[in-house]
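Asks: Pasted the sequence and its predicted model underneath.
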Amino acid sequence: MPVGMRDVPADEMVRRRWLEARWRALFARWGYVEVETPLLEFLETFLQGAGPGVGDRLLKLVDTGGEVLALRPEMTVPLARYAATRLLPAGDRPWRLAYVAAVFRGQERGSGRERQFTQAGVEVIGDGSLAADAEVIALAAEALRIAGVEQATVSVGHAGFLRGVLATLPAAAADAARDLLYRRAFAELDRVVPAGPAREALRAVPGLRGAGALERAAALATTAESREALAVLGAVLEALAPYALDVRLEVDLGLIRDFDYYTGVVFEAHGPRAGRPLLGGGRYDALLARFGQPAPATGFALGVERVLDATHVALPQPPRVVVRYGDGAAYARAVRAAARLREAGAIAVLAAGDGPASLDAPAFQVWVTEDGIRVDSDRHPVPATLEALCAQVRAMQTDP
């Protein structure tokens, strides 16, 4: 199997599908409609949307016609391409889109990161308001809450603050400093940034988070873009107040997202048992213009596997029943018995005789013969009839 790929075991698939179903229902309640884009896009689509620097992170292939294609590394660029070419030409109303999709990235060998993983998220296309920024942050926080993530922290920054600081530097120094900031290698900044106000501001970035961060940053904002970013961020935080979020919300002005199409408010979320962000997102008002249809936009993506690792939710488990049958007419009776148990809500499988069945630790075993049935269980009261067992199965789902 290729490095970074893996099989997904059954117990993880059960938890994943449960979580995806909860998020799909949540997104729908907030007015987001689910869409799907192709696994493969033209390589040029990602280079156009995310910039030439994304090329090293793509898994590429060449089709029989010689066209270079790439597996999608994330969903924002494909949805921006979709919205710009399909939705916005038909009308300029805001669009609320949602997705749950596999994405693929080329990872460095030995990094321990997977090449295929699943993202769930939303995008608001065509709305540049502060209310839209607040909405997607609030929805992201709610997605963590219903996933069972406890003590989550959502860090919120603004791409314009650092962009304003870096704009005062020579281009090469600005690029090098941005890379160091992304890797949080603050100690190396003096090596690439000349002495001056910009160096002082960048040196202070590690402390520009938490309570009072906006006030401390205001003293370091020497450009109009940096000052405007702080004003917008403050307004978005005010717009979030009515949501009464069930997460810890903090300012982080050193936050840099992994794709460079972000233009405004950006955010990430972390949990106490997560070494990497559980979700990330932000505003990307210039991205759709790269596909010929300028429009403001914002959104976020949750890492499904990362969130599952950060939660310990006990999922409801329907009673499991093995229906065993012998010779003659017992088989047909067992098929009908299994059907009735499934209608009652049980997971029921058939097994011939006393051979192995595919269910681990069944709650009941039903032995079907030509003369009747017998129910066995080492954990629950044993009913005498199939009707009584079906009633017990229904009751167990209400009061396990």
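Replies: Structure received.

Asks: Model confidence score at Asp260, please.
Replies: According to the model's per-residue confidence, Asp260 sits at a pLDDT of 81.

Asks: Wait, a strand at it?
Replies: No: Asp260 sits outside any strand when classified using DSSP: H, G, I helix; E, B strand; the rest coil, being coil.

Asks: how many other residues sit next to the residue nearest to it when sequence neighbours are not counted?
Replies: With sequence-adjacent residues excluded and distances taken as C-beta to C-beta, 6 or more residues apart in numbering, Asp260 is closest to Gly51, at 5.6 Å. For every residue, glycine as well, the C-beta is placed using N, CA and C. The number of residues packed around Gly51, counting by other C-beta atoms under 10 Å, is 13.

Asks: Gly51 against Tyr262, yeah?
Replies: No: under the criterion of C-beta atoms under 8 Å, Gly51 makes no contact with Tyr262, lying 11.6 Å away.

Asks: all strands of the stretch 1-150 of the chain, in order?
Replies: Per DSSP state E, counting those that start in this stretch, the stretch 1-150 of the chain carries strands over the ranges 33-34, 40-42, 60-62, 68-71, 95-104, 116-125.

Asks: Compute the distance between the residue nearest to Asp260 and Leu139, please.
Replies: Counting by C-beta to C-beta, to the nearest Å, the gap from Gly51 to Leu139 is 27 Å.

Asks: repeat for Gly210
Replies: In terms of C-beta to C-beta, Gly210 sits 23 Å off from Leu139.

Asks: Looking at these two, which one has more neighbours?
Replies: Per other C-beta under 10 Å, whichever of Gly210 and Leu139 has more neighbours is Leu139, with 25 against 11.

Asks: who touches the more buried one in this structure?
Replies: Residues near Leu139 by C-beta atoms under 8 Å, 6 or more residues apart in numbering: 26-27, 30, 122, 300.

Asks: same thing with Arg209?
Replies: With C-beta under 8 Å, 6+ apart as the criterion, the residues that contact Arg209 are 155, 250-254.

Asks: Quick check: the farthest pair among those?
Replies: The span of the contacts of Arg209, defined through C-beta to C-beta, is set by Glu250 and Gly254 at 11.7 Å.

Asks: of those two, who's got more company?
Replies: For Glu250 versus Gly254, the count of surrounding residues by other C-beta under 10 Å is larger for Gly254: 21 against 15.

Asks: what about that one, which SS state?
Replies: Put simply, Gly254 is coil when judged by three-state DSSP.

Asks: Check the burial of Phe117 by counting its neighbours.
Replies: Other residues close to Phe117 by other C-beta under 10 Å number 16.

Asks: So Val8 sits against Arg17, correct?
Replies: No: contact status for Val8 versus Arg17: not in contact, 10.6 Å apart, counting by C-beta under 8 Å.

Asks: Need the overlap of contacts for those two.
Replies: What both Val8 and Arg17 touch, as defined by C-beta under 8 Å, 6+ apart, is an empty set.

Asks: check contacts around the residue nearest the centre of the chain.
Replies: Compute the mean C-alpha point of the chain, and by C-alpha atoms, centre = their mean the closest residue is Leu302, 1.6 Å away. Residues touching Leu302, when contacts are defined by C-beta under 8 Å, 6+ apart, comprise 23, 119-121, 140, 143-144, 278-279.

Asks: can you check Asp378 too?
Replies: With contact taken as C-beta under 8 Å, 6+ apart, Asp378 is in contact with no other residue.

Asks: Please apply the same query to Ala187.
Replies: The neighbourhood of Ala187, defined by C-beta under 8 Å, 6+ apart, contains no residues.

Asks: From the contacts of Leu139, pick the one nearest Tyr182.
Replies: Within the set of those, Phe300 lies nearest Tyr182; the separation is 18.5 Å, counting by C-beta to C-beta.

Asks: Would you map the helices across the chain?
Replies: Taking DSSP state H to define them, one finds helices in the chain at 10-29, 43-50, 76-82, 130-147, 159-166, 171-182, 189-192, 197-203, 213-218, 224-240, 304-310, 330-343, 386-398.

Asks: Quick one: the ones you listed as JSON lines, columns for distance to Trp367 too.
Replies: Listed next are the helices of the chain as JSON lines, based on distance: least, C-beta to C-beta, whole Å:
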{"stretch": "helix 10-29", "distance to Trp367": "26"}
{"stretch": "helix 43-50", "distance to Trp367": "59"}
{"stretch": "helix 76-82", "distance to Trp367": "54"}
{"stretch": "helix 130-147", "distance to Trp367": "41"}
{"stretch": "helix 159-166", "distance to Trp367": "66"}
{"stretch": "helix 171-182", "distance to Trp367": "63"}
{"stretch": "helix 189-192", "distance to Trp367": "74"}
{"stretch": "helix 197-203", "distance to Trp367": "74"}
{"stretch": "helix 213-218", "distance to Trp367": "68"}
{"stretch": "helix 224-240", "distance to Trp367": "59"}
{"stretch": "helix 304-310", "distance to Trp367": "38"}
{"stretch": "helix 330-343", "distance to Trp367": "9"}
{"stretch": "helix 386-398", "distance to Trp367": "12"}
